[in-house]
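Asks: Requesting a structural model of the entry that follows:
(chains A and B, ligands or ions: 2)
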Amino acid sequence: MQKVMVCLKRVVDFNVRVRVRPDGSGDATDGVKMSINPFDEIGLEEALRIKERGDADEVVVVSIGPSDCQQQLRTGLAMGADRAILVETSETIDPLCSARVFHALIRREQPGLVLMGKQAIDDDNNQTGQMLAALWVRPQATFASELVLSDGTARVTREVDAGLETIDVELPAVVTTDLRLNEPRYVKLPEIMKAKRKPLETIGLGELGVEATAQHKFVNYEPPAPRAKGEQLADVAELIGKLKEKGLL
Amino acid sequence: MGRILIVAEHDGSTLNASTAKCITCAETIDNDGIDVVVFASDGAAVCEQTSALAGVSRVLRIDNAANEHALAAILAPQIAALAGDYSHVFGPSTTFGKDLMPRVAALLGVGQVSDIMEVLDTHRFRRPIYAGNAIATVDAPPDHILIATVRTASYSAAASGGSAEIETRHLDVELPDHTRFVKLDADETGRPDLQSAARVVSGGRALGSSANFELIFGLAEKLGAAVGASRAAVDAGYVPNDLQVGQTGKIIAPDLYFAIGISGAIQHLTGIKDAGTIVAINKDPEAPIFEVADYGLVGDLFQIVPELENALD
Ligand SMILES: Cc1cc2nc3c(=O)[nH]c(=O)nc-3n(C[C@H](O)[C@H](O)[C@H](O)COP(=O)(O)OP(=O)(O)OC[C@H]3O[C@@H](n4cnc5c(N)ncnc54)[C@H](O)[C@@H]3O)c2cc1C
Ligand SMILES: Nc1ncnc2c1ncn2[C@@H]1O[C@H](COP(=O)(O)O)[C@@H](O)[C@H]1O
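Replies: Residues are numbered from 1 along each chain as shown, chains lettered A, B, ... in the order given. Ligands and ions are numbered 1, 2, ... in the order given. All right, here's what the predicted structure looks like:
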């Protein structure tokens, strides 16, 4: 296969505890650490391994968002991607719009495989990969914990509620990653320097012929209902007493 | 008002409890009827179980050899073909629904609301984001069909006592053959199901090995509880992936939850926010799990758990 395309979303780092602004207008995310969505990093790692095995010639990382997303794309290049594309927009877009953008990029780039995260850990939507596969009229293999390529098909093991499901999908296809697919590599300093010279192209959403849309609007944000602080108990006997009192035993 | 369609989740012979929870959610929306569609190779048994749920107006039976396994690429175009008769189409926010519903939405050219936890109006919902650190209110356009997944931990299952008619339908839809089911490795343990159990006992990294995890299985058996685990315990290979509780595992709402040797990372807590009573056992008094636990025991789990088991005799 010639090309693997990997989607990298810029999100609040998973270690940051996001809090809602007191006026309910949104999340207080100004100035907090931003990172590549952890699932997308796993997608990139998988693409790099595919290339290193000789099953692909090029790994292209793509992102949609404001110009700040260049940071995450540069990190992707430092991990080992060959080329990056930023589809720049400052507007709020929804997963269907993102899928349309990625579909437009697919028509340009003709990848044999698209790797994405199963979900972005900001909005926790878990939609974009499935939507892209529908628009592209190609197979999807979501929540992948193992990916084996052979002869124009991918055999994918999926983490499902009942256990592990294996499916075969013909390529090209969309594969979304789960946490146990691999462990992403660390970026080494010389790679960061080298990444500065790798190509990073910026295109406007409009240039791809896609309109920025969000059918669904987030109109309010609230903190979750707090749980009442509990009590530390002295021993097992006290615990059993409390649980019996509540009718739980 | 319009009719609501729910896509049934099942394994070919038994209806999954997630479907009955979607019905409860659908009942909180003004509607002209709630239909449930069953895709299977032979849906007789599952349709019978569905028709017995209170609140169901009609069961649509769609038998097709291609529907033997729930593959999103095969089910989505069939659901899209039915969608014209409905104002809302719901699936559960289980791996089945999460895989399937966005594909349906994109075929219809509309967005999706993920993980509905509360219905405020026909097109206004509340849902968790940022691993449950924020609850967002989402407005969807009323002139579009609404596709959504229902956060099953937010709803109780619809009761039995219904007797909806079962209507067999034949859909004239071209289905792709680019996606093929190979196998399902399911953990057939005979233990209670993690997603619907009233009691759950979970173990974390502190267990240290799959042999030691037997301690958790032992306690769970005493309590008639399902077994869960943190991501660290699954990653380390102590237990299979389907036991993971949390943001990227299962979101559960048992009456009683035991977190044993689990630190209480935000991604884990997301999965147990709706638990009735949380008991934490951890040797570190500062562990974040104690912030959410109703009852905490500070100490060595290898001492406390056997004591607890003995005390339950
Ligand atoms: C994108 C993303 C998604 C994630 N999704 C999930 C998810 O769905 N579910 C999930 O659980 N995690 C998830 N995680 C991982 C999460 O951040 C934590 O790393 C994980 O939950 C830690 O597991 P743990 O509590 O078992 O391990 P640790 O954090 O290592 O905690 C072990 C605990 O055991 C205690 N302990 C040690 N020995 C003993 C003893 N002898 N007796 C009593 N107590 C003892 C320690 O004090 C400590 O508190 C996710 C992370 C990321 C980045
Ligand atoms: N703006 C974006 N830029 C890059 N990738 C994205 C973007 N939005 C979604 N994705 C990809 O789609 C996956 C699922 O996102 P979501 O459907 O929002 O949970 C993410 O893990 C990314 O791989």
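Asks: Give me the contacts around stretch B:243-250.
Replies: A:118-119, A:121, A:124, A:161, A:178-179, B:131-132, B:194-195, B:200, B:202, B:227-231, B:233-234, B:241-242, B:251-252, B:265-272 (Cβ atoms under 8 Å, 6 or more residues apart in numbering or on different chains). Using the backbone N, CA and C atoms, a C-beta is placed for each residue, glycine as well.
Asks: if you set the cut-off to 7 Å instead, what comes out?
Replies: A:161, A:179, B:131, B:194-195, B:202, B:227-229, B:231, B:234, B:252, B:267-268, B:270-272 (Cβ atoms under 7 Å, 6 or more residues apart in numbering or on different chains).
Asks: What of stretch A:195-209?
Replies: Contact with stretch A:195-209 is made by A:70, A:73-74, A:77-78, A:82-89, A:101, A:104, A:212, as judged by Cβ under 7 Å, 6+ apart.
Asks: Next, the distance between the ends of that stretch.
Replies: Using Cα to Cα, to the nearest Å, the end-to-end distance of stretch A:195-209 comes to 29 Å.
Asks: what about it, near ligand 2?
Replies: No - applying Cβ under 6 Å from any ligand atom, one finds stretch A:195-209 separated from ligand 2 by no less than 10.8 Å.
Asks: Over to stretch B:121-129?
Replies: No - Stretch B:121-129 stays clear of ligand 2 (Cβ under 6 Å from any ligand atom), getting no nearer than 10.2 Å.
Asks: Now that stretch - C-alpha only, CSV.
Replies: The C-alpha trace of stretch B:121-129 is given here as CSV (Å, rounded to 0.1, in the frame of the first residue of the first chain):
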residue,chain,number,x,y,z
ASP,B,121,-37.1,18.2,25.3
THR,B,122,-37.6,16.4,22.0
HIS,B,123,-34.4,17.9,20.6
ARG,B,124,-32.6,19.0,23.8
PHE,B,125,-30.5,16.6,25.8
ARG,B,126,-27.9,16.4,28.5
ARG,B,127,-24.7,14.3,28.0
PRO,B,128,-21.3,13.9,29.6
ILE,B,129,-18.1,15.2,28.0
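Asks: how far out from the middle of the chain is that stretch?
Replies: Distance, stretch centre to chain centre, for stretch B:121-129: 18 Å (Cα atoms, centre = their mean, to the nearest Å).
Asks: Spatially central residue for chain B, please.
Replies: With distances taken as Cα atoms, centre = their mean, B:Thr94 lies nearest the centre of chain B, 4.0 Å away.
Asks: count of residues packed around residue 171?
Replies: Since you didn't name a chain, this refers to chain A. Residues lying near A:Leu171 (other Cβ atoms under 10 Å in any protein chain shown) number 17.
Asks: Not quite, go with chain B.
Replies: Residues lying near B:Leu171 (other Cβ under 10 Å) number 16.
Asks: Also B:Ala236?
Replies: Residues lying near B:Ala236 (other Cβ under 10 Å) number 17.
Asks: now A:Gly54
Replies: Using other Cβ under 10 Å, the number of residues around A:Gly54 comes to 7.
Asks: so what's it up against?
Replies: A:Gly54 neighbours (Cβ under 7 Å, 6+ apart): none.
Asks: Also B:Glu221?
Replies: With contacts defined as Cβ under 7 Å, 6+ apart, B:Glu221 has no neighbours.
Asks: So it lies in a strand, does it not?
Replies: No - counting by DSSP: H, G, I helix; E, B strand; the rest coil, B:Glu221 falls outside a strand, being helix.
Asks: if I look at it, how far off is ligand 2?
Replies: 37 Å (Cβ to the nearest ligand atom, to the nearest Å).
Asks: mind checking pLDDT for that residue?
Replies: Looking at B:Glu221, its pLDDT reads 96.
Asks: same deal with A:Ala28?
Replies: pLDDT recorded at A:Ala28 is 70.
Asks: One more: B:Ala131?
Replies: Confidence score, pLDDT, at B:Ala131: 90.
Asks: what's the neighbour count on residue 103?
Replies: Let's take chain A. Residues near A:His103, counting by other Cβ under 10 Å: 20.
Asks: That was the other one, I meant chain B.
Replies: Under the criterion other Cβ under 10 Å, the count of neighbours that B:Arg103 has is 28.
Asks: Name the SS class of the closest residue to it other than its chain neighbours, please.
Replies: Leaving aside its sequence neighbours, B:Arg103 sits nearest to B:Ala76 (Cβ to Cβ, 6 or more residues apart in numbering or on different chains; 4.0 Å). Assigned by three-state DSSP, the conformation of B:Ala76 is helix.
Asks: Likewise for A:Arg138?
Replies: Once three-state DSSP is applied, A:Arg138 turns out coil.
Asks: ranges for the helices of the stretch 151-300 of chain B?
Replies: B:210-223, B:231-235, B:266-269, B:289-292 (DSSP state H, counting those that start in this stretch).
Asks: same check, this time on chain A
Replies: With helices called from DSSP state H, chain A shows them at A:38-52, A:70-79, A:95-109, A:128-136, A:189-195, A:236-245.
Asks: other SSEs contacting the last one?
Replies: Counting by 3 or more Cβ pairs under 7 Å, 6 or more residues apart in numbering or on different chains; DSSP states H and E, the packing neighbours recorded for helix A:236-245 are strand B:295-298, helix B:301-311.
Asks: So what's the predicted local confidence for the residue nearest to the centre of chain B?
Replies: For B:Thr94, pLDDT reads 97.
Asks: repeat for B:Thr19
Replies: B:Thr19 is given a pLDDT of 98.
Asks: Identify each buried residue in stretch B:113-122, please.
Replies: Residues B:113-117, B:119, B:122 are the ones in stretch B:113-122 that count as buried (16 or more other Cβ atoms under 10 Å in any protein chain shown).
Asks: ugh, wrong one, I meant stretch A:207-226
Replies: Neighbour-count burial for stretch A:207-226 [16+ other Cβ under 10 Å]: A:208, A:210, A:215-216, A:218, A:220-221, A:224.
Asks: do the same with stretch B:14-27
Replies: Residues of stretch B:14-27 classed as buried by neighbour count (16+ other Cβ under 10 Å): B:15-26.
Asks: That stretch and chain A in contact?
Replies: No - counting by Cβ under 7 Å from any Cβ of the partner chain, chain A has no neighbours in stretch B:14-27; the shortest distance is 8.5 Å.
Asks: Would you mind naming what in chain A lies close to ligand 1?
Replies: Residues of chain A lying near ligand 1 by Cβ under 6 Å from any ligand atom: A:14, A:38, A:121.
Asks: do the same with the stretch 201-313 of chain B
Replies: Near ligand 1, when you scan the stretch 201-313 of chain B using Cβ under 6 Å from any ligand atom, you find B:204-206, B:230-233, B:244-249, B:261-263, B:265, B:267-268, B:271, B:282-284, B:287, B:300-302.
Asks: so what's A:Leu105 up against?
Replies: Here A:Leu105 is in contact with A:5, A:62, A:85 (Cβ under 7 Å, 6+ apart).
Asks: I figured the last one was touching A:Val62, is that so?
Replies: Yes - taking contact to mean Cβ atoms under 7 Å, the distance of 4.6 Å between A:Ile85 and A:Val62 places them in contact.
Asks: Quick one: neighbours of A:Arg180, just the number.
Replies: A:Arg180, neighbours per other Cβ under 10 Å, totals 20.
Asks: who touches it in this structure?
Replies: Here A:Arg180 is in contact with A:145, A:159, B:235, B:241 (Cβ under 7 Å, 6+ apart).
Asks: Quick check: the second one touching A:Ser145?
Replies: The one in question is A:Glu159. Yes - between A:Glu159 and A:Ser145 there is a contact under Cβ under 7 Å: 5.0 Å.
Asks: Neighbour count: the two, which is higher?
Replies: Neighbour totals were compared for A:Glu159 and A:Ser145, and A:Glu159 leads with 26 against 17 (other Cβ under 10 Å).
Asks: And that one, how far from B:Leu243?
Replies: Note on A:Glu159: its distance to B:Leu243, by Cβ to Cβ, to the nearest Å, is 11 Å.
Asks: For B:Ala17, which non-adjacent residue is closest in space?
Replies: That would be B:Ser196: by Cβ to Cβ, 6+ apart, it lies 4.5 Å from B:Ala17.
Asks: Alright, I will stop here.
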